[in-house]
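S.K.: need a structure here:
(chains A and B)
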Amino acid sequence: MSPNDHGLDLPGRAARITPVLEVRDLKVHFPLKKKRPWSAALKVHAVDAINFEIAAGKTLGIVGESGSGKTTAALAVMRLVPVTSGQVRLMGQDTAALSGEAAREMRRHVQMIFQDPYSSLNPRMKAGDIVEEPMLLMKMGTPEERKARARELFAQVGLRPDQMPLFPHQFSGGQRQRIGIARALSTRPRLIVCDEPVSALDVAIQAQILNLLARLQRDHGLSYLFISHDLGVIQHVCDEVAVMYLGKIVEQGSREALFARPLHPYTWALFSAVPSMENRRNQGARRVAVEGDPPSPIHLPPGCRFAGRCPYALAHCHQVEPQLREVGQGQRVACHRVEDDGSTPHM
Amino acid sequence: MTAATAVVEQPLLQITHLEVCFDTWNGRTKVLDDVSFDLNAGETLCIVGESGCGKSMTALALMGLVPQPDGHITGGKILYRGQDLVQLRPEARRQLRGNAMAMIFQEPLSSLNPVYPVGEQIAEVLRTHKGMTRKDAHDRAIELLRQVRIPEAERRVREFPHQFSGGMRQRVMIAIALACNPKILIADEPTTALDVTVQAQIFDLLQDLREAHNTALILITHDMGAVAELADRVLVMYAGRKVEEGSVEDILLRPAHPYTRGLLQCRPDLKLGVLPPRHDLPEIPGVVPPLYDLPPGCAFAPRCPVVQNDCQTKPPSMLPAPVALTQAGLQSIPVVREFEAPPHRAACVWLAANRQETAA
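M.R.: So this is what the prediction gives:
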């Protein structure tokens, strides 16, 4: 499936090569309130110099545990949190450089689907109005056109147009998530940021929503930035995967490369923690033991951030922070223990 | 322990034809309908299904915690060592709760009291049920924290719930549940709020404790992965009814009921190695029907891919899963614990019909 088969109205060849989203050295630090006037200024290193890009029609997945910075990264892409430094380029344009009308215009091209379909819809608005609202804010079309578009979107996401005058509480969780998806699609965005879009849903409903997202991507050539903690879901939807730990990308690669050969000990630990028949203890399964909890993102350890929990950490790992480097085809990893040929201590 | 004798003895817990109703605006609604199962000592039973299928209500009914005044146990028996818990007076029921059976809830932060140190909360159980002195209870609390592998137990026993991480809080909950060495531990989605690596630690801990004390575990979950990792036996529920039961191998490798198959297939499984090309996930269409408006026949019929005419008329009864179907895709895994193989049964008209065809 090539991204250009979807009738994208990309102007000229350059646009085809420019990724839809480019993130360069993105840092998001949250300053903490000083306890006393003379105490040191502390900050939470939520996202610390990450890089990635997403091509048209493709999906990048960010996976990691809570507190790894994946949601903050997504919010920074949406310009919903202040960016400390670095660049977020949407279709080649630095979003931070835009202001006023241009910034609003940019918003049309990137929309978001939230985790919790209960709290992300205004309970006092009718479903149809919720879907129309982004078009209204972007001053798109006439009222009749907007209504028609909302009706079309309802059909696209598998809702009935006669449900438009209902309120959110009259829908089930899966249906509410469909309203959220219709709302995100209303401005015909290029990129949709999906923050855990299925984790609040029942398994059977998850499959329905994942299939819907896949179909919409095929039909409209959408790009997704897909945030999830569920490796099964990430594997199912993503073309490329970035694994985050404490604000850093520790491993990044194509779906094929990463799942064929997870290199970073943290990635491996994440994989082996997923419960399955093979991981049953009396099957003699080998689980990478990760003890304890991640360190505080306020007082970061000097070396590798994972070293304190890593079963393979050496003295060197505690002192020098590893950089993300290319190891093999389309796979990058930040770990001292992974050799350049991709051999690791856990394999 | 006494696993060998447990097979001969009566099951620890016998639930027969349990029925729970709620008074709602839509009239009296049956939330559990004819639920029967046994639980043996030292065994792990998983109850799976979507939300609203009655998993949590089953747990609450066992604990005697059906929400009052709207909920009522309207039928059936819960036999614990020959004693019917449904008939028991509230005082006697209170004695058993925490002592013989204990429960771990989904969200540890909201189940712990934020204004007491965790040690106090563990000691409270011991003082109430065992009549321990303050000092003894405190010492035992430290010991319990050590048992659930909380480092620096002496110091942390004085800390408050907000000073613990999510995984550590769930360990505290487990310590409280284990305080009186219960025979039955009921865990309602114990790891849903936790990260995978922490979830793996909690699963390991639960298994260790089960092996050490021969505690029976009822695990309520929607995660088939958790089932695969922990269960000896599995109960699949749908809309307040039992639709399939069997050993973990039966349910995961030879599922019979269309609902169980749907649940297993619709989950994107993590696979390592060379990946197959991407495809759409098999869906279970629609949603669980509201319990006050169940169809007259099989509750799953409106979503079922193999629905028959008979399905619409009367609810199917539990029958042994057909052999002809159970032979497909066999992949043997070692027998887990020395129990008699539990019967593999499912409630489905289509299955019953297909078995007759193959037998003829």
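
S.K.: Which parts of the stretch 51-200 of chain B are helices?
M.R.: B:55-63, B:90-96, B:108-111, B:118-130, B:134-147, B:153-156, B:166-178, B:196-213 (DSSP state H, counting those that start in this stretch).

S.K.: Return the most buried member of the ones you listed.
M.R.: Mean neighbour count, computed with mean count of other CB atoms under 10 Å in any protein chain shown, is highest for helix B:166-178 among the helices of the stretch 51-200 of chain B, reaching a mean of 24. In this view, the C-beta of every residue, glycine as well, is placed from N, C-alpha and C.

S.K.: close to chain A, is that helix?
M.R.: Yes. Interface with chain A: helix B:166-178 contributes B:166-168 (CB under 8 Å from any CB of the partner chain).

S.K.: got the helices of the stretch 51-200 of chain B as CSV, with mean pLDDT columns?
M.R.: Shown next, in CSV, are the helices of the stretch 51-200 of chain B (pLDDT from 0 to 100):
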stretch, mean pLDDT
helix B:55-63, 92
helix B:90-96, 89
helix B:108-111, 85
helix B:118-130, 93
helix B:134-147, 94
helix B:153-156, 92
helix B:166-178, 91
helix B:196-213, 87
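
S.K.: quick one: which of the residues of helix B:166-178 next to chain A is nearest to chain A?
M.R.: Among the residues of helix B:166-178 next to chain A, residue B:167 lies closest to chain A (CB to the nearest CB), at 6.6 Å.

S.K.: ok, the closest one - contacts?
M.R.: A:293, B:194-195, B:198, B:201-202 (CB atoms under 8 Å, 6 or more residues apart in numbering or on different chains).

S.K.: again, only this time at 6 Å
M.R.: B:194, B:198 (CB atoms under 6 Å, 6 or more residues apart in numbering or on different chains).

S.K.: cool, residue A:195 as well?
M.R.: A:71, A:74, A:114-115, A:227.

S.K.: and residue A:162, how many neighbours?
M.R.: Residue A:162: 9 surrounding residues under other CB atoms under 10 Å in any protein chain shown.

S.K.: Ok, the one 10 residues further on next?
M.R.: Residue crowding around residue A:172 was assessed by other CB under 10 Å; the count is 17.

S.K.: For the stretch 51-200 of chain A, which residues are neighbours of chain B?
M.R.: A:65-66, A:172 (CB under 6 Å from any CB of the partner chain).

S.K.: switch to 8 Å and redo it
M.R.: A:65-66, A:172, A:174.

S.K.: Residue A:235: which of the helices of the stretch 51-200 of chain B is closest?
M.R.: Between residue A:235 and the helices of the stretch 51-200 of chain B, the shortest separation by CB to CB is 13.5 Å, and it involves helix B:196-213.

S.K.: Quick one: end-to-end length of stretch B:187-199, please.
M.R.: 13 Å (CA to CA, to the nearest Å).

S.K.: picking up where we left off before, where neighbours are concerned, which of the contacts of residue A:195 has the most?
M.R.: residue A:227 (25 neighbours).

S.K.: From residue A:306, how far off is residue A:296?
M.R.: Separation of residue A:296 from residue A:306 (CB to CB, to the nearest Å): 14 Å.

S.K.: More neighbours: the two, which one.
M.R.: residue A:306 (25 against 13).

S.K.: what's the nearest residue to the more buried one if we skip its chain neighbours?
M.R.: Leaving out its chain neighbours, the residue that sits closest to residue A:306 by CB to CB, 6 or more residues apart in numbering or on different chains is residue A:266, at 5.0 Å.

S.K.: any chance you could map the helices in the stretch 151-300 of chain A?
M.R.: Going by DSSP H, counting those that start in this stretch, the stretch 151-300 of chain A shows helices at A:173-185, A:203-220, A:231-237, A:255-260, A:265-273.

S.K.: in the stretch 1-150 of chain A, which segments are predicted with low confidence?
M.R.: A:1-16 (pLDDT under 70).

S.K.: can you give me the helices for it?
M.R.: Applying DSSP H, counting those that start in this stretch to the stretch 1-150 of chain A gives helices spanning A:12-17, A:70-77, A:100-107, A:127-137, A:143-156.

S.K.: Using neighbour counts, pick out the buried residues of the longest one.
M.R.: Meaning helix A:143-156. Using 16 or more other CB atoms under 10 Å in any protein chain shown as the test for burial, helix A:143-156 gives A:146-147, A:149-151, A:153-154, A:156.

S.K.: Just name the closest of these to residue A:189, please.
M.R.: Distances from residue A:189 to those, taken by CB to CB, are shortest for residue A:153, at 12.4 Å.

S.K.: The closest one reaches residue A:180, doesn't it?
M.R.: No. If you go by CB atoms under 8 Å, residue A:153 and residue A:180 don't touch, sitting 11.4 Å apart.

S.K.: Any idea what residue A:226 is bridged to?
M.R.: In this structure, residue A:226 bridges to residue A:61, residue A:194 when assessed by DSSP bridges.

S.K.: What count of nearby residues applies to it?
M.R.: 29.

S.K.: And for residue B:314?
M.R.: 11.

S.K.: any idea which helix or strand carries it?
M.R.: Taking DSSP states H and E as the definition, one finds residue B:314 inside no helix or strand.

S.K.: contacting residues around it?
M.R.: Contacts of residue B:314 by CB under 8 Å, 6+ apart are B:296-297.

S.K.: List the residues that contact the closest residue to chain B within the stretch 51-200 of chain A.
M.R.: Using CB to the nearest CB, the closest approach of the stretch 51-200 of chain A to chain B is made by residue A:65 at 4.0 Å. Counting by CB under 8 Å, 6+ apart, residue A:65 touches A:229, A:245, A:270, A:294, B:195-198.

S.K.: and what of residue A:318?
M.R.: Here residue A:318 is in contact with A:301-304, A:307-308 (CB under 8 Å, 6+ apart).

S.K.: Kindly report the same for residue A:294.
M.R.: By CB under 8 Å, 6+ apart, the contact list for residue A:294 reads A:65, A:67-68, A:245-246, A:305, A:309.

S.K.: Looking at these, which is nearest residue B:292?
M.R.: residue A:65 (39.8 Å).

S.K.: Would you mind measuring from that closest one to residue A:312?
M.R.: 19 Å.

S.K.: How many residues are close by the nearest residue to residue B:280 once chain neighbours are set aside?
M.R.: Of all residues not flanking residue B:280 in the chain, residue A:211 sits nearest, at 4.8 Å (CB to CB, 6+ apart). Burial measure for residue A:211: 18 neighbouring residues, criterion other CB under 10 Å.

S.K.: What score does residue A:211 have for pLDDT?
M.R.: Looking at residue A:211, its pLDDT stands at 94.

S.K.: re the thing from before, could I get the contacts of residue A:65 as JSON lines with distance to residue B:309?
M.R.: As requested, the contacts of residue A:65 are exported to JSON lines (distance: CB to CB, whole Å):
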{"residue": "A:229", "distance to residue B:309": "44"}
{"residue": "A:245", "distance to residue B:309": "55"}
{"residue": "A:270", "distance to residue B:309": "48"}
{"residue": "A:294", "distance to residue B:309": "57"}
{"residue": "B:195", "distance to residue B:309": "48"}
{"residue": "B:196", "distance to residue B:309": "45"}
{"residue": "B:197", "distance to residue B:309": "50"}
{"residue": "B:198", "distance to residue B:309": "49"}
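
S.K.: of all those, which comes closest to residue B:248?
M.R.: Distances from residue B:248 to the contacts of residue A:65, taken by CB to CB, are shortest for residue B:196, at 20.3 Å.
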